[in-house]
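Participant: Okay, here's the prediction I keep looking at, along with the sequence it came from:
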Amino acid sequence: MTQIATSVTTENLSVNETGSKGRSLWSDALKRLKKDKFAIVCFWVIIFYALVALFAKFGFIASPWEETVGSAYDPPSFSSIKLILGTDIFGRSVFYKVIHGTRVAMSVGLVSSLISVPVGVTLGAIAGYFGGWIDDLIVWFYTTLSSIPHIMLLIAITFIMGKGITAIYVALGVTAWVGLARVIRGEFIKHKSRDYVVAAESLGATHLSRIFKHILPNVSHFIIINLSIQFMSAIKSEVILSFLGLGVQGQPSWGVMIDDAKLELSRGVWWQLAGATAAMFVVVLAFNILGDALRDALDPKIK
C-alpha cells in the first residue's frame, strides 16, 4: 500500500509539474513578446484592421460604398475623406471600396480559420494519439489532398459551389487544415509516451481526457502560430480568386479592385491599384511579423 501511495503521489507531482511548466512557458512567452516592440505594433495594426472590418460590416463607416461621390476617375484629393483615394469609373469612392475590401478579407480569414483549425487539430490529434490504421488512413487522406495544387483545388471547389463569398469560406476552410494536422500529429506522437501522459493513464484518465486535458494544452502554441499563418494565407487566397473572377461577387474586394485596375493603368489611373495593394501589403506584413514573433516567443527550445 505504501508503494502504491508513493507511486500515485509521484505521478500527481509529475502532472502538477507539467502544468506549472506549461504556465511558466506561457508567462515567459508573454514577457518575450512584450519586449518585441515591432511585433506589438503589428498586433495593434491587425486589431485596427479588425475594427475597421467590424465597423464597415455594421455600416458605421464607409457606408454606402456604392454611392457616386464624384466624376469618373477623379484623382486623389484631400478635400473630402471620400476622395482621399479618388474615384473609380463609376465615380464611387475608392477609399470606401478599400475599407469594404478590408471587411471581406478579414471575414474570409476569420471564417476559413474557424473551419480549418478545428479540422486540422482534431484529425492530427486522432492520428497521432491512436496510431495504427487510423493514423494510416488520415495520413493517406491529407497526403492525397496536399498532392493537388492548392490553387487548382480552390478553383475546383468554387466552380462546384458557384461564385461568391460562401464558396470562398468553404473552399479555404476545407483545404487549409493539412499543414496544421501534420504538425499536431507529430506533436501527439511525441507527447503521448511522455511521463505526464503515462501518469494520467495510470490514474484512470480516459482517452478524451488525455487528449484534451493533458496533451492538447501542451501543443496549443502550435495552434496559435498556425492560426496567424492561416489567417494571412486565406486573405491572399481570397485576393487571388477574386482577381481571377472566381471569388467575391457584387461587393468590393481587393482582388476585384486589382483586376479592375489592370486596365486603368494605361490611362494613368493608379489610385485604385495603389489603395488595394497597400492595404493588403500592410496586413499581410503585420501577420508575417507577428507570426514569426509568436513562434520565437512560444518555442520552448529558445528558453
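Facilitator: Thanks, I have the structure now.
Participant: Near residue 31, how many other residues are there?
Facilitator: Residue 31 has 10 neighbours, counted by other Cβ atoms under 10 Å. No exception for glycine: its C-beta is placed from N, CA and C like everyone else's.
Participant: Excluding chain neighbours, what is closest to the residue nearest to the spatial centre of the chain?
Facilitator: Nearest to the mean C-alpha position of the chain, by Cα atoms, centre = their mean, lies residue 231 at 2.1 Å. Excluding the flanking residues, the one nearest residue 231 by Cβ to Cβ, 6 or more residues apart in numbering is residue 109, at 4.1 Å.
Participant: was I right about that neighbour contacting residue 234?
Facilitator: Yes. Judged on Cβ atoms under 8 Å, residue 109 makes contact with residue 234 at a distance of 4.4 Å.
Participant: about what we covered before: point me to the helix or strand that includes the residue nearest to the centre of the chain.
Facilitator: If you go by DSSP states H and E, residue 231 is part of helix 220-243.
Participant: going on from that helix, what's the next piece of helix or strand?
Facilitator: The helix or strand immediately downstream of helix 220-243 is helix 254-261, counting by DSSP H and E.
Participant: angle of that following helix against helix 220-243?
Facilitator: 30 degrees (axes from the mean of the first three to the mean of the last three Cα atoms, to 10 degrees).
Participant: Can you name the next helix or strand after helix 254-261?
Facilitator: Moving toward the C-terminus from helix 254-261, the next helix or strand (DSSP H and E) is helix 271-298.
Participant: okay, the angle between that following helix and helix 254-261?
Facilitator: Angle of helix 271-298 versus helix 254-261, following the same axes, to 10 degrees, is 150 degrees.
Participant: Same question for helix 271-298: list its buried residues.
Facilitator: Judged by neighbour count using 16 or more other Cβ atoms under 10 Å, the buried positions of helix 271-298 are 271-273, 275-276, 279-280, 283-284, 286-287, 289-295, 297-298.
Participant: What of stretch 77-91?
Facilitator: For stretch 77-91, burial by neighbour count (16+ other Cβ under 10 Å) applies to 82, 83, 84, 85, 86, 87, 88.
Participant: so what's the backbone phi/psi at the fourth one?
Facilitator: For residue 85, the backbone dihedrals (degrees, to the nearest 10) come out as phi -120, psi 20.
Participant: ditto for residue 156
Facilitator: Main-chain dihedrals, residue 156, degrees, to the nearest 10: phi -60, psi -40.
Participant: Once you drop chain neighbours, what's closest to residue 52?
Facilitator: With Cβ to Cβ, 6+ apart, the residue lying closest to residue 52 is residue 102, at 5.2 Å.
Participant: Could you do residue 242 as well?
Facilitator: residue 255 (2.8 Å).
Participant: how much space is there between that neighbour and residue 298?
Facilitator: 32 Å (Cβ to Cβ, to the nearest Å).
Participant: so what's residue 65 up against?
Facilitator: With contact taken as Cβ atoms under 8 Å, 6 or more residues apart in numbering, residue 65 is in contact with 92, 93, 96, 97, 99, 100, 252.
Participant: what helix or strand is the fifth one on?
Facilitator: Counting by DSSP H and E, the secondary-structure element that holds residue 99 is helix 94-130.
Participant: got the angle for that helix vs helix 271-298?
Facilitator: Here helix 94-130 points in a direction 30 degrees away from that of helix 271-298 (the same axes, to 10 degrees).
Participant: can you give me how far helix 94-130 is from the chain middle?
Facilitator: Computed by Cα atoms, centre = their mean, to the nearest Å, the chain-centroid distance of helix 94-130 equals 5 Å.
Participant: Flag every buried residue along that helix.
Facilitator: 94-109, 111-113, 115-117, 119-121, 123-129.
Participant: Which strands or helices does that helix pack on?
Facilitator: helix 37-57, helix 132-146, helix 165-175, helix 178-191, helix 220-243, helix 254-261, helix 271-298 (3 or more Cβ pairs under 8 Å, 6 or more residues apart in numbering; DSSP states H and E).
Participant: Give me the buried positions along the next helix or strand after the fourth one.
Facilitator: Stepping forward along the backbone from helix 178-191, the first helix or strand reached (DSSP H and E) is helix 195-202. Using 16+ other Cβ under 10 Å as the test for burial, helix 195-202 gives 196, 197, 199, 200, 201.
Participant: hang on, the first one packs against residue 210?
Facilitator: No. Residue 196 sits out of contact with residue 210 when judged by Cβ under 8 Å, with a separation of 9.7 Å.
Participant: low pLDDT regions in this protein?
Facilitator: Where the chain drops to pLDDT under 70, the residues are 1-26, 29, 299-303.
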